[in-house]
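Undergrad: I'd like to go over a predicted model; first the sequence, then the structure.
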Amino acid sequence: MTVISTQDLVRRFGDVVAVNGLTFDVERGEVFGFLGHNGAGKTTTVRLLNGVLSPTSGTMRLFDLDPVEDGPALRRRVGVLTESPSLDERLTARENLKIYAELYDVPAADVSARVDELLGQFDLSERADSRAGEFSKGMKQRLALARALIHRPELLFLDEPTSGLDPMIAHQVHELIAGYAAEGRTVFMCTHNLYEAQRLCDRVAVLEHGHLLAQGTPHELASRYARSQRLEIEATPATLPLALKTLNKMSGIEDVEAQNHSVISCSGATQETIPDIVALLVAGGVRIVRVTPLEASLEDVYFALHEHAAKGAQS
Amino acid sequence: MNLCGLNWRGIRAVMTKDLTVVLRSKMILLPMILLPVMLQVLMPAAFGIAAYFAGDAIAGDLEDLQVMIAWLPAEVQGRLAAQSPGQVFLEIMLVYAFAPMYLIIPMMVSSVVAADSFVGERERKTLEALLYTPLTDSELLLAKILTAWLAAVVVGVGSFLLYIVMVNLIGWLVVDGIAFPNLMWLVLVFWVSPAVAGLGLGVTVLLSTRVNTFQEAYQLGSMIVLPVVALMIGQFAGVLSLSVLLAIGLGAGVWLVDALIFWFGVKTFNRDALIARL
Ligand SMILES: Nc1ncnc2c1ncn2[C@@H]1O[C@H](COP(=O)(O)OP(=O)(O)O)[C@@H](O)[C@H]1O
Ligand SMILES: [Mg+2]
């Protein structure tokens, strides 16, 4: 089932076109990554999808609701982790959660149990009655995430959930997101962290200056857009120096490195050139044990896409 | 509760949040306490002490008060004629001259609280999460208006109760009693003052789309615009509030201005416009 569906979505701010003709669908239960540089239009898209901003043109449906017309009904079913934690620093952790439980219409009888449950789950029980203003950045982010989940939303928006967090806390946040997704709920995650997207997302869309450059599973994007692949080549130890020498002389092959006494890695190969590389090595006397193409990372895809887009803009 | 189809639970949650936040800020609480103490306790006490020490010599000042006495309703003039000079002096000052000043309290409280909940919220970056909740634009506006208005009415009525004690205490200690409160004050406190609270709040809401920090809104509102408005009302009320009927009229006039401001406010207050300024 389609949870989010947009068609030619556009939003301008004066002369700036923040979002420029977005068309995409997000299916129920998927973790959808929305990738883009700063100012690409990620936050604006989240605001549009929640009826917080109105589109200049284009259409969108969430759960078959129109965010502009049915904003309140839609927002009841959606949770949002905003880019800055947006917590009331003069309120305690518990008060912050309790007020949002009321705002999202959690049944009155369940409010305090739900608040306690989330405080426990996000490791905040001990500081439940301290003011949020005294919290560290990581604690604030956990509290903000707990608040976004207070009404058990079917769809969760995360706007750069780990930016500025140290790796340990970021890892914790990743676990929490993965746990939430495992319950079959839908996640729309904005990020410019490619590792995060690779790790968590079922599908990603790459955004640049308000335009969608590409969308698909990380695997699809890798095979479609990555300009080259990394290769791992295992040879007999005796012929390894020869293999190194040969690879270094080949045009288009880069980052040639010996991993250990028998394995070499290099980049710059493509599906078409791998057989040639193998043939050249064999002809040169290298005794090959194994050749493994490694899947391009989302990072490779991302840079390839941007290069592609830049070339398109020039010509 | 589903009055007018509004989400009252959500509205109450926003009000609870805003009031709690206000009560935890010294910068907001301090003027809210100091102003009533100054206007309703210290100033009348100073007049009481002056009257006590001056005794009948106060009669000299009565010349100046004659102008005001002449404006009073006939039955009040008759009553004052039978009183001692000290009693006349205190009644004129505390009951009539202070009436317009009292209106500064609700105006100031509503504008400070509104500055915190409208502009302060945006400045603290807590507005965005609120915009993602199921509340509609008008529910959000209503919650914030009610918060500031409620605070002003509570502080206003509280100050009035304090003033009743002060005036009667001074009357009892210094002269043979002062007739307070009278009907005119009841109209002032329960009809004019809530309307004036709406005015202070309305001015701040209009300012809030043009300034970015609580400090700016607070300074513009409570230090520049409001004193001017208060002065104008003061001039007006100083003359008018001497009659119950005219106090009712003044109140009605201010309510009308409130209605105009809020009509304009509802038209300009929407999520899109608020976000555009984040
Ligand atoms: N309220 C606004 N007023 C004017 N310009 C805006 C506003 N919000 C965003 N923009 C502009 O729109 C573009 C996209 O911004 P944004 O959606 O915040 O990007 P991202 O979240 O991907 O960093 C940027 O150029 C930004 O300056
Ligand atoms: Mg952003």
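TA: It's in. Ligands and ions are numbered 1, 2, ... in the order given.

Undergrad: residue boundaries of the strands in chain B?
TA: Counting by DSSP state E, no segments of chain B form strands.

Undergrad: Then chain A?
TA: Going by DSSP E, chain A shows strands at A:2-13, A:16-27, A:31-36, A:57-62, A:78-81, A:155-159, A:186-191, A:203-208, A:211-216, A:229-235, A:254-258, A:263-269, A:288-294.

Undergrad: want to throw the ones you listed into a markdown table with mean neighbour count?
TA: All C-beta spots, glycine's among them, are computed from the backbone N, C-alpha and C. A markdown table is the format used below for the strands of chain A (neighbours: other Cβ atoms under 10 Å in any protein chain shown):
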| stretch | mean neighbour count |
| --- | --- |
| strand A:2-13 | 18 |
| strand A:16-27 | 18 |
| strand A:31-36 | 26 |
| strand A:57-62 | 18 |
| strand A:78-81 | 26 |
| strand A:155-159 | 24 |
| strand A:186-191 | 24 |
| strand A:203-208 | 23 |
| strand A:211-216 | 19 |
| strand A:229-235 | 20 |
| strand A:254-258 | 14 |
| strand A:263-269 | 19 |
| strand A:288-294 | 13 |
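
Undergrad: any chance of the ones you listed in TSV, plus distance to ligand 2?
TA: Shown next, in TSV, are the strands of chain A (distance: least, Cβ to the ion, whole Å):
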stretch	distance to ligand 2
strand A:2-13	13
strand A:16-27	10
strand A:31-36	9
strand A:57-62	18
strand A:78-81	12
strand A:155-159	6
strand A:186-191	6
strand A:203-208	11
strand A:211-216	16
strand A:229-235	31
strand A:254-258	33
strand A:263-269	32
strand A:288-294	32
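
Undergrad: so can I have JSON lines of these showing distance to B:Phe262 and mean pLDDT?
TA: Shown next, in JSON lines, are the strands of chain A (distance: least, Cβ to Cβ, whole Å; pLDDT from 0 to 100):
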{"stretch": "strand A:2-13", "distance to B:Phe262": "28", "mean pLDDT": "96"}
{"stretch": "strand A:16-27", "distance to B:Phe262": "32", "mean pLDDT": "95"}
{"stretch": "strand A:31-36", "distance to B:Phe262": "39", "mean pLDDT": "94"}
{"stretch": "strand A:57-62", "distance to B:Phe262": "32", "mean pLDDT": "96"}
{"stretch": "strand A:78-81", "distance to B:Phe262": "29", "mean pLDDT": "96"}
{"stretch": "strand A:155-159", "distance to B:Phe262": "33", "mean pLDDT": "96"}
{"stretch": "strand A:186-191", "distance to B:Phe262": "37", "mean pLDDT": "95"}
{"stretch": "strand A:203-208", "distance to B:Phe262": "40", "mean pLDDT": "93"}
{"stretch": "strand A:211-216", "distance to B:Phe262": "42", "mean pLDDT": "91"}
{"stretch": "strand A:229-235", "distance to B:Phe262": "64", "mean pLDDT": "87"}
{"stretch": "strand A:254-258", "distance to B:Phe262": "66", "mean pLDDT": "87"}
{"stretch": "strand A:263-269", "distance to B:Phe262": "65", "mean pLDDT": "88"}
{"stretch": "strand A:288-294", "distance to B:Phe262": "64", "mean pLDDT": "88"}
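
Undergrad: Check the residue in the stretch 51-200 of chain B that chain A sits nearest to and give its pLDDT.
TA: Chain A sits closest to B:Ala129 of the stretch 51-200 of chain B, with a gap of 3.8 Å, by Cβ to the nearest Cβ. B:Ala129 carries a pLDDT value of 94.

Undergrad: same check, this time on A:Glu307
TA: 77.

Undergrad: okay, now it: neighbour count?
TA: Neighbourhood size, A:Glu307 [other Cβ atoms under 10 Å in any protein chain shown]: 12.

Undergrad: What of A:Leu48?
TA: 25.

Undergrad: Quick check: chain neighbours aside, which residue is closest to residue 11?
TA: Answering for chain A, as no chain was given. A:Val19 (4.4 Å; Cβ to Cβ, 6 or more residues apart in numbering or on different chains).

Undergrad: The chain in question should be chain B.
TA: Nearest one to B:Ile11, counting by Cβ to Cβ, 6+ apart, is B:Ala143 at 4.3 Å.

Undergrad: That neighbour is in contact with B:Leu135, isn't it?
TA: Yes - B:Ala143 lies in contact with B:Leu135 (Cβ atoms under 8 Å); the separation is 7.4 Å.

Undergrad: Now do the shared contacts for those two.
TA: By the contact definition Cβ atoms under 8 Å, 6 or more residues apart in numbering or on different chains, B:Ala143 and B:Leu135 are jointly contacted by B:10-11, B:14.

Undergrad: Most neighbours among the residues you listed, which one is it?
TA: Of the shared contacts of B:Ala143 and B:Leu135, with other Cβ under 10 Å as the count, B:Val14 tops at 25 neighbours.

Undergrad: Pull the contacting residues for the residue nearest to A:Arg11.
TA: Per Cβ under 8 Å, 6+ apart, neighbours of A:Val19: A:9-11, A:41, A:44-45, A:48, A:55, A:210.

Undergrad: before we move on, back to that, using a markdown table, lay out the shared contacts of B:Ala143 and B:Leu135 together with pLDDT.
TA: What follows is the shared contacts of B:Ala143 and B:Leu135, written out as a markdown table (pLDDT from 0 to 100):
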| residue | pLDDT |
| --- | --- |
| B:Gly10 | 95 |
| B:Ile11 | 96 |
| B:Val14 | 96 |
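
Undergrad: Thanks again, I'm all set now.
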